[in-house]
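# heads up, no residue letters with this:
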């Protein structure tokens, strides 16, 4: 019995050391690089830009947020709103704005019972209508954090750059769910910014993403992923972005804010939809993305086991070391991405999130979220 017990503790300690080493690698190599990334110098090369927003039944959000895009401090840009089969008053809201904003353009898609489509089709209509080479994407429920949003995102482009990844956060509201949503968004940003900075871009977010129109058509648009609910942002980046053609913009004035989910059920549906794209990532990216939460689970589970063994002083010391590195990283990230009020919950969320994400993945396997729906 004693021999078996010692064997279990020895295995647990080995697992603990390996998982701790992998966790520290992620923090030092990916997460800290994103949290510490600097602001690019502002240029005065004002390249013309087309901002594309797809909207379906977004009357309220168009009233609230569209002017913050239309009134950006930038000399040469158009805003294309694709009003996709809306059944509310979106068409009239856009019509009211047209006289005051001549750079606003509207593309309407009429409802056709014989032709159902997802957001990618609306995105394609907007891209086709754009007159400029540089395309900047956001959503109808988003607003830029400053009137220099376009300026900052466009500044990421040079002659070699095809993609610029920006931060799309959620508005700060009361409640633990809102804090978790913002923590989850921040952690995802640390991943995709950190991997892009290390020469391995794998995704962007459609709430704040820019790329070249010529790249879209050269690569036949959304191609083989056109039927999926999500992927107009992450799968397009995953397939075509690389070390040489991708830049990141993390400065606060380039951030956007979206309306967050107000209920867990709504958040659950949103996460399930987003996770439908994960199996279509490159194998390298899937391994990197799975290894972090998997080793995090092993780290916490093995730590609990070791708390009842002779290894507990070493386990506590290593746990404390990781927590220090983690806390420093989160401090930088909270400041970088302007996410107040979540730092004190970060350890709790760090433990809880792998279990929750596992539930999202399992739910997708057990029940298909469907196809050809507008996200």
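Nice, thanks for sending it over. Since we're looking at a predicted model, the values are computed, not measured.
# which residues of the stretch 1-150 of the chain fall in helices?
For the stretch 1-150 of the chain, the helices defined by DSSP state H, counting those that start in this stretch occupy 2-26, 32-35, 59-70, 90-97, 119-129, 149-154.
# Contacts for the fourth one next, please.
Contact partners of helix 90-97, identified using C-beta atoms under 8 Å, 6 or more residues apart in numbering, comprise 55, 57-59, 62-63, 66-67, 70, 81, 83, 104, 106, 108. (Glycine included, C-beta is placed from N, CA and C.)
# Now the buried members of those.
55, 57, 58, 59, 62, 66, 70, 81, 83, 104, 106 (16 or more other C-beta atoms under 10 Å).
# Sketch out the low-pLDDT regions of the stretch 1-150 of the chain for me.
Where the stretch 1-150 of the chain drops to pLDDT under 70, the residues are 1-5, 38-44, 114-115.
# Name all residues that make contact with the spatially most central residue of the chain.
What sits nearest the mean C-alpha location of the chain, by C-alpha atoms, centre = their mean, is residue 205, with 4.2 Å. Residues near residue 205 by C-beta under 8 Å, 6+ apart: 165, 166, 167, 168, 188, 192, 233, 234.
# The fourth one: neighbour count?
The reference is to residue 168. Neighbours of residue 168 under the rule other C-beta atoms under 10 Å: 23.
# Quick check, it in contact with residue 207.
Yes. Counting by C-beta atoms under 8 Å, residue 168 touches residue 207, with 3.0 Å between them.
# Please name the residues that touch the residue nearest to residue 261 when sequence neighbours are not counted.
Take residue 261 and drop its neighbours on the chain: the residue closest to it by C-beta to C-beta, 6 or more residues apart in numbering is residue 267, 3.8 Å away. The neighbours of residue 267, taking C-beta under 8 Å, 6+ apart as the test, are 177, 181, 260, 261.
# still on that earlier bit, what kind of secondary structure is the residue nearest to the centre of the chain in?
Secondary structure, DSSP: H, G, I helix; E, B strand; the rest coil: residue 205 is coil.
# Quick check: phi and psi on residue 57?
Main-chain dihedrals, residue 57, degrees, to the nearest 10: phi 50, psi 50.
# same deal with residue 246?
Phi and psi for residue 246, reported as degrees, to the nearest 10, are phi -130, psi 140.
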